[in-house]
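Trainee: Sequence and predicted structure are below.
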Amino acid sequence: MDFGKLREEYPNFIYNDYKITDLNDKLVIEYNFEIENLAKFNPRIEILKKEFNFKNINSKMVKNIVFNIGMIESISYFKATCSPHFCIKCGKLDSFQENWFKKLFYLGLGEFRYINNIEVKKEGLVEFISMGEKIEVEENQSASSGIIIPVGGGKDSNVTLDLLKDYKKDSLVFLIGSKNVSLDCAKEAGYTDNQIIEIKRIIDKNLLDLNKKGFLNGHTPFSAIVAFISYLVSYLLDKKYIALSNEDSANESNVEGDNINHQYSKTIEFENDFREYANKYLKAKVEYFSMLRPISELQIAMLFSKIEKYHKIFKSCNVGSKSEPWVWCCDCPKCLFVFIILSPFLYKQRIIDIFGEDLFEKENLLKTFIELCGYSENKPFECVGTYDEIRFAVTKTIQNLELQKEELPYLLKYYKDNFELSNENLLKFYNENNNVPEEFEKILKNKLRENC
């Protein structure tokens, strides 16, 4: 459907209310959104209680964080029509907050705008109109300790679990929309059931109906949802740190010459913005950072290659995640990227044992391979590494095979025949522009020294 016509026909998106309910087995947060004259939505977030002792859920602190989670949750519903007016009936934003959310909506929907051919400036995408009262909160003064580690089931969060294994006693694993793979990774790391906090996010079916009817649809900044919900859980359970597993490579745009990033809410820019926003408006004294921010996907692959206990468990394929059990589809950009980035360290038989086949022999992946290597117009819209580190991984694997006097598989032979080999050593990379607390950064640096 046409972006301009939808905005004319449906000018008002309304954030009506939110509700927090404490049930025996879970906390339920329900939101009330509306596209005026089109549809109403009641998405839910459920936090399984298990044996956890939560703080008072009716406090102003909790209500304020829940209100802000709603601002992020709303993006999935707002995008159906991109209504120019976003009316807030259950809270109030000041000018700083309005600008903060305008930036997140705009850059977090960057891929969505690109795929749907939407041309609009940041200031023109949405206007926030506050019609409710501001929730005033004071800074939390209670002591906190320990770490919450969000785990998605891929290699990155498993590396973080391994790096922080000595902090396990006072840590929790955080799973959102958890699959068995994520749960299996947490348990393989030694976390017991009462150290694993599970979050369910229930999408309103009315949105799915709009998607089927052809209303606007596309990628939203999921990692921003993780940021705000994990912040709430950290406050409720008195945890001091949230240790993400976002790497330096997440900062590279998917579109040449434009700031269109599939994983914007995984970037250092968003991380810094969220830390500033949380300190200024959420005030729970929870420190949000990424354990892997100083290093690249290539270095993460190097570290992961040494942690064999996760090799048969981990999964990253978004196509395969729709299957039960979660599988590697072996035909998408994500599968090929993970195969490439691990290949300098695990090729040949060990990586084939993981995927079930040799992706370097698949001629149908040539176009994707060229895109990943940076010899096409755009990078695939997936969480993949930078062009430089992909080229390095390909080059290193070619050199390893040639040293062993083995024949090159199809994709590697194509690369050698058509492109230049990389002459950089990217395994020594380290970005000092990070927020990793000093005690944790020492662990990361020591691990790099051991493996380089």
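Mentor: Okay, I see it.
Trainee: contacts, neighbours, all on C-alpha from now
Mentor: Will do.
Trainee: tally of neighbours for Glu51?
Mentor: Neighbour count for Glu51, taken as other CA atoms under 10 Å: 11.
Trainee: my read: it touches Asn194, true?
Mentor: Yes - with contact defined as CA atoms under 8 Å, Glu51 counts as touching Asn194 (6.4 Å).
Trainee: Between those two, which contacts overlap?
Mentor: Applying CA atoms under 8 Å, 6 or more residues apart in numbering, one finds that no residue jointly contacts Glu51 and Asn194.
Trainee: what residues go with each domain of the protein?
Mentor: 3-290, 298-429 (automatic domain parsing).
Trainee: Distance to Asn435 and mean pLDDT for these - can I get that in JSON lines?
Mentor: Shown next, in JSON lines, are those (distance: least, CA to CA, whole Å; pLDDT from 0 to 100):
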{"stretch": "domain 3-290", "distance to Asn435": "6", "mean pLDDT": "92"}
{"stretch": "domain 298-429", "distance to Asn435": "17", "mean pLDDT": "92"}
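Trainee: List the buried residues of stretch 417-428.
Mentor: 421-422, 426-427 (16 or more other CA atoms under 10 Å).
Trainee: Columns secondary structure on top of those residues, output as CSV?
Mentor: As requested, the buried residues of stretch 417-428 are exported to CSV (DSSP: H, G, I helix; E, B strand; the rest coil):
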residue, secondary structure
Leu421, coil
Ser422, coil
Leu426, helix
Leu427, helix
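Trainee: Looking at these, spot the one nearest Glu127.
Mentor: Using CA to CA, Leu426 is the member of the buried residues of stretch 417-428 that sits closest to Glu127, with 43.4 Å.
Trainee: got a list of what that closest one touches?
Mentor: Applying CA under 8 Å, 6+ apart to Leu426 gives the contacts 298, 389, 392.
Trainee: Can you report how many residues neighbour the second one?
Mentor: Spelled out, that is Glu389. 23.
Trainee: Hmm, it is touching Gln299, no?
Mentor: No - judged on CA under 8 Å, Glu389 makes no contact with Gln299 at a distance of 9.2 Å.
Trainee: Compute the distance between Glu123 and Ser95, please.
Mentor: 13 Å (CA to CA, to the nearest Å).
Trainee: err, Asp417, not the other one
Mentor: For Asp417, the distance to Ser95 - CA to CA - is 56 Å.
Trainee: cool, Gly320 as well?
Mentor: 42 Å.
Trainee: Those two: who's more crowded?
Mentor: A direct count of neighbours by other CA under 10 Å for Gly320 and Ser95 places Gly320 higher, at 18 against 9.
Trainee: show me what contacts the more buried one?
Mentor: By CA under 8 Å, 6+ apart, the neighbours of Gly320 are 326-329.
Trainee: Glu136 now?
Mentor: Per CA under 8 Å, 6+ apart, neighbours of Glu136: Lys60.
Trainee: contact partners of stretch 265-282?
Mentor: 61, 64-65, 108, 137, 221-224, 227, 246-248, 250-251, 264, 284-285, 287-289, 293, 434.
Trainee: at 7 Å what do you get?
Mentor: Outside stretch 265-282, the residues within contact range by CA atoms under 7 Å, 6 or more residues apart in numbering are 65, 108, 221, 223-224, 246, 250-251, 264, 288-289.
Trainee: about what we covered before: let's have the buried residues of stretch 417-428 in CSV, adding distance to Leu372.
Mentor: Shown next, in CSV, are the buried residues of stretch 417-428 (distance: CA to CA, whole Å):
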residue, distance to Leu372
Leu421, 15
Ser422, 14
Leu426, 17
Leu427, 19
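Trainee: mind saving the C-alpha coords of stretch 384-402 as PDB?
Mentor: What follows is stretch 384-402 as a C-alpha-only set of coordinates in PDB (Å, rounded to 0.1, in the frame of the first residue of the first chain):
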ATOM      1  CA  VAL A 384      26.300 -10.300   9.300                       C
ATOM      2  CA  GLY A 385      29.900  -9.000   9.500                       C
ATOM      3  CA  THR A 386      31.700  -6.300   7.600                       C
ATOM      4  CA  TYR A 387      33.000  -6.800   4.100                       C
ATOM      5  CA  ASP A 388      36.600  -6.600   5.300                       C
ATOM      6  CA  GLU A 389      36.300  -9.400   7.800                       C
ATOM      7  CA  ILE A 390      34.300 -11.600   5.400                       C
ATOM      8  CA  ARG A 391      37.100 -11.100   2.700                       C
ATOM      9  CA  PHE A 392      39.700 -11.900   5.400                       C
ATOM     10  CA  ALA A 393      37.900 -15.100   6.400                       C
ATOM     11  CA  VAL A 394      37.500 -16.200   2.800                       C
ATOM     12  CA  THR A 395      41.200 -15.400   2.100                       C
ATOM     13  CA  LYS A 396      42.400 -17.300   5.200                       C
ATOM     14  CA  THR A 397      40.400 -20.300   4.300                       C
ATOM     15  CA  ILE A 398      41.800 -20.400   0.800                       C
ATOM     16  CA  GLN A 399      45.300 -20.100   2.100                       C
ATOM     17  CA  ASN A 400      44.700 -22.900   4.600                       C
ATOM     18  CA  LEU A 401      43.500 -25.200   1.900                       C
ATOM     19  CA  GLU A 402      46.300 -24.300  -0.400                       C
END
